[in-house]
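Visitor: What shape does this take:
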Amino acid sequence: MAYNSRDLSVLAYANGFTLWHYTTADAAADVDTAGYFDTAADMLRVGDMIFANVDTGGTPAGGIFRVASNAGGTVDVTDMTAVGSANTD
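Guide: The predicted model follows:
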């Protein structure tokens with residue numbers, strides 16, 4: 001699949017920082033590929049964080065991506081840091 005602008009939304013904005021939410025059926029490894037968010041380059045700033053729900057059609061996972069670079073229209077985010085990856089109950 002590919003980036004879908006309808007699935008990216010702002011959660012909070014302050015002092016030049018934006019906290020985003022993104023949901024997708026794509027795997028985290030696809031989302032963190034350089035260029036995935038290129039069509040959102042005009043909105044995403046280095047240091048912004050994206051809370052994400054990934055692989056929603058398979059084995060869902062959640063985590064945080066950080067915008068590592070945005071230059072010349074090419075956006076790169078860090079590998080996803082998983083959130084809530086274990087449940088021992």
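Visitor: ok but Thr39 is inside a helix, no?
Guide: Yes. The assignment for Thr39 (DSSP: H, G, I helix; E, B strand; the rest coil) places it in a helix.
Visitor: Let me know how buried the residue nearest to it when sequence neighbours are not counted is, in neighbour terms.
Guide: In this structure, Thr39 finds its nearest non-sequential neighbour in Tyr3, 6.1 Å apart by CB to CB, 6 or more residues apart in numbering. The C-beta positions use only the backbone N, C-alpha and C, and glycine is treated the same way. Applying other CB atoms under 10 Å, we find 18 other residues in the vicinity of Tyr3.
Visitor: which intervals of the protein have sub-threshold pLDDT?
Guide: Where the chain drops to pLDDT under 70, the residues are 85-87.
Visitor: quick one, helices of it?
Guide: Per DSSP state H, the chain carries helices over the ranges 28-31.
Visitor: for the longest strand seen in it, packing partners?
Guide: Among all segments of the chain classified by DSSP state E, the strand with the greatest residue count is strand 61-71. Strand 61-71 sits against helix 28-31, strand 49-54, strand 74-77, strand 81-82, with contacts defined as 3 or more CB pairs under 8 Å, 6 or more residues apart in numbering; DSSP states H and E.
Visitor: thought the residue nearest to Thr39 was touching Thr33?
Guide: No. Taking CB atoms under 8 Å as the definition, Tyr3 is not a contact partner of Thr33, at 10.2 Å.
Visitor: what sits against the most centrally placed residue in the chain?
Guide: By CA atoms, centre = their mean, the mean C-alpha position of the chain lies nearest to Ile50, the distance being 4.3 Å. Contact analysis of Ile50 by CB atoms under 8 Å, 6 or more residues apart in numbering lists Leu8, Trp20, His21, Tyr22, Ile64, Phe65, Arg66, Val67, Val77.
Visitor: Right, I'll call it a day here.
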